[in-house]
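Asks: This is the structure alone, sequence omitted:
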DNA sequence: TCTGATACAACTGTAATACAAGTGAGCTGA
DNA sequence: TCAGCTCACTTGTATTACAGTTGTATCAGA
């Protein structure tokens, strides 16, 4: 937080008008931002994603007070890629979409949905609501794999980031309450925009347990 | 059990609304919970379990019986970087080291240790044992932030990866049981070698109740 | 044309208050 | 003994009030 315009004016012996003009210049450079009734602050660039439960990107954005939008790039039934077919079956509904935060690209997401469940969904449905809201199946949990990579050229264009820049990748398999896999999704985030935040309550347990790390060959 | 909202408000000279907001934040982290007419309490271990599903790469290595080695690159007391100084104080013990798995570089780690605690440690100590084993302070937990980046040139050389390749970065703040920050560390892993796997057990209702993301600090 | 001064609207976060609803301990009476 | 009731205390929720902040407009003077 910055001091209020009034106190800045007192500090620098300038009027509020002048202080505001200076702050507006900084805002145009993206260095500061303000909310009416709240104050001026240094904007936090990264979106922190807590890993405490199942959540959608939109939900997190809305909670952080940002406007979120979805743009459907593809909507079709296809032969599943090998790793998807292994858990969801041969044919799946594949939805590629772009997530926007305050109008700027935040994530490129591909969702694969089991064919029987996807048959009930329209393109308009997935544009309006999240899969979690749409599916008429109680969800039980998910397995999430977080990695890093250099951005693919087509993703770079979609996400409006420079070629060769870093991205966070998430591969998620969502299960129903009954335990069978329902959805798989791949998320690609620009690294400079997003971070995952994990609270580890007790060091010993979480470090020794260590059942969940995978070394890639 | 925690004191009632009313008595907490009296203790901290804050209104019940404010106390509730604070408690809701803690609830969103799974640290406390409440029942109407009963009160606020620390949830049983089982309920707190969702947060423990993540493990670190060093822990996994040591457990899986791979040959794990540490190579100390630097060991010195320095002026802390800004973000470290904010939580650990102006002067800290900074230890830079390289982690090896079966003789191959796996991670470049920098650990910052509070000066009073670091004063007890020798270079040989930190080469032999982990900080968690060395510190004579009961540890209470840690906050971990996972991100991605393009590798720095010096890290590329240390980790033996091509320039411009992707890395997974982890910034961890470890607290004592009393709650004060004791250690901070930065871990850099080659992206092609490592992934984090996180189990998200349930759709967490408490997630909706309080903001777990903040735009401003 | 720029700066200062002033005024007012709109918004935010906190405080204060009130009431509904749930919990648990203790009392009462059969 | 025990079922049922009362009652103090708790959280859940909504409302109003208020001080402090930004957003915006207007006017005066250098």
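Replies: Happy to help now that I have it. If you're wondering where the values come from, they're calculated on a predicted model, not measured in any experiment.

Asks: what pairs with residue A:99 across the strands?
Replies: On DSSP bridges, the residues paired with residue A:99 through beta bridges are residue A:70, residue A:107.

Asks: count of neighbours near residue A:153?
Replies: Neighbours of residue A:153 under the rule other Cβ atoms under 10 Å in any protein chain shown: 9. Any C-beta I mention is one placed from the backbone N, CA and C, and that applies to glycine too.

Asks: That one - nearest residue in space that isn't next to it in sequence?
Replies: Once flanking residues are discounted, residue A:153 sits nearest to residue A:163: 6.3 Å by Cβ to Cβ, 6 or more residues apart in numbering or on different chains.

Asks: Let me know how buried that neighbour is, in neighbour terms.
Replies: 11.

Asks: Would you enumerate the residues in contact with residue A:167?
Replies: By Cβ atoms under 8 Å, 6 or more residues apart in numbering or on different chains, the residues touching residue A:167 are A:148-151, A:155, A:159, A:161, A:188-191, B:148, B:166.

Asks: Give me the distance between the nearest residue to residue A:146 once chain neighbours are set aside and residue B:15.
Replies: Leaving aside its sequence neighbours, residue A:146 sits nearest to residue B:196 (Cβ to Cβ, 6+ apart; 4.2 Å). Using Cβ to Cβ, to the nearest Å, residue B:196 is found at 40 Å from residue B:15.

Asks: So for the two, which sits in the more crowded spot?
Replies: Taking neighbours as other Cβ under 10 Å, residue B:196 and residue B:15 compare with residue B:196 leading, 26 against 11.

Asks: How about residue A:78: which residues does it bridge to?
Replies: According to DSSP bridges, the partner residues bridging residue A:78 are residue A:92.

Asks: my read: it touches residue A:96, true?
Replies: No. At 10.5 Å, residue A:78 does not count as touching residue A:96 under the criterion of Cβ atoms under 8 Å.

Asks: When these two are compared, which one has more neighbours?
Replies: Per other Cβ under 10 Å, whichever of residue A:78 and residue A:96 has more neighbours is residue A:96, with 16 against 13.

Asks: ok now do the more buried one, which residues does it touch?
Replies: Neighbouring residues of residue A:96 by Cβ under 8 Å, 6+ apart: A:72-75, A:108-110.

Asks: sorry, back to before: specify which member of the contacts of residue A:167 is nearest to DNA strand D.
Replies: Ranked by distance to DNA strand D (Cβ to the nearest atom of the strand), the contacts of residue A:167 are led by residue A:190 at 26.6 Å.

Asks: Do I have it right that the closest one meets residue A:165?
Replies: Yes. Counting by Cβ under 8 Å, residue A:190 does reach residue A:165; the two are 7.1 Å apart.

Asks: where do the contact lists of those two overlap?
Replies: With Cβ under 8 Å, 6+ apart, residue A:190 and residue A:165 have common neighbours residue A:151.

Asks: With neighbour numbers in mind, choose between these two.
Replies: residue A:190 (25 against 19).

Asks: In three-state terms, label the residue lying closest to the more buried one once chain neighbours are set aside for me.
Replies: Spatially, and ignoring its direct neighbours in sequence, residue A:190 is nearest to residue A:161 (4.9 Å; Cβ to Cβ, 6+ apart). Under DSSP: H, G, I helix; E, B strand; the rest coil, the three-state class of residue A:161 is coil.

Asks: residue contacts, residue A:161?
Replies: Contacts for residue A:161 (Cβ under 8 Å, 6+ apart) come out as A:151, A:167, A:190, A:192.

Asks: Which positions in chain A make contact with DNA strand C?
Replies: Contacts of chain A with DNA strand C, taken as Cβ under 7 Å from any atom of the strand, map to A:13-18, A:21, A:35-38.

Asks: circling back: could you point out which of the contacts of residue A:161 is nearest to residue A:92?
Replies: For the contacts of residue A:161, the residue nearest residue A:92 by Cβ to Cβ is residue A:167; the value is 23.6 Å.

Asks: ok, now which ones touch the closest residue to DNA strand C within chain A?
Replies: Evaluated by Cβ to the nearest atom of the strand, chain A has residue A:37 as its residue closest to DNA strand C, separated by 2.0 Å. If you count contacts by Cβ under 8 Å, 6+ apart, residue A:37 has none.

Asks: neighbours around residue A:145, how many?
Replies: Counted with other Cβ under 10 Å, the neighbours of residue A:145 add up to 17.

Asks: Tell me the spacing between it and chain B.
Replies: From residue A:145 over to chain B the distance is 5 Å, taken as Cβ to the nearest Cβ, to the nearest Å.

Asks: in the sheet, who's paired with that residue?
Replies: For residue A:145, the beta-bridge partners under DSSP bridges are residue A:171, residue B:197.

Asks: Might one say that it is in contact with residue A:168?
Replies: No. Judged on Cβ under 8 Å, residue A:145 makes no contact with residue A:168 at a distance of 11.2 Å.

Asks: Report all helices and strands that the lengthiest helix in chain A contacts.
Replies: Longest helix in chain A, counting residues (DSSP state H): helix A:16-28. In terms of contacts (3 or more Cβ pairs under 8 Å, 6 or more residues apart in numbering or on different chains; DSSP states H and E), helix A:16-28 is packed against helix A:5-12, strand A:33-35.

Asks: now the ones you listed in TSV, with distance to chain B and mean pLDDT?
Replies: Output for the helices and strands packed on helix A:16-28, formatted as TSV (distance: least, Cβ to the nearest Cβ, whole Å; pLDDT from 0 to 100):
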stretch	distance to chain B	mean pLDDT
helix A:5-12	16	91
strand A:33-35	9	89
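
Asks: Output those in a markdown table; the columns should cover distance to residue A:102.
Replies: Listed next are the helices and strands packed on helix A:16-28 as a markdown table, based on distance: least, Cβ to Cβ, whole Å:
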| stretch | distance to residue A:102 |
| --- | --- |
| helix A:5-12 | 24 |
| strand A:33-35 | 11 |
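
Asks: which stretches of chain A form strands?
Replies: Applying DSSP state E to chain A gives strands spanning A:33-35, A:39-41, A:47-50, A:68-79, A:91-101, A:104-114, A:139-150, A:166-176, A:181-190, A:194-200, A:213-215.

Asks: The fifth one vs strand A:68-79, what angle?
Replies: When you say that, I think you mean strand A:91-101. Angle between the axes of strand A:91-101 and strand A:68-79 is 160 degrees (criterion: axes from the mean of the first three to the mean of the last three Cα atoms, to 10 degrees).

Asks: Tell me the buried residues in strand A:91-101?
Replies: By 16 or more other Cβ atoms under 10 Å in any protein chain shown, the buried positions in strand A:91-101 come out as A:92-101.

Asks: what's stretch A:111-119 in contact with?
Replies: Stretch A:111-119 is contacted from outside by A:77, A:80-81, A:84, A:88-89, A:91-95, A:97, A:121, A:126, A:131, A:135, A:137, A:181-185, using Cβ under 8 Å, 6+ apart.
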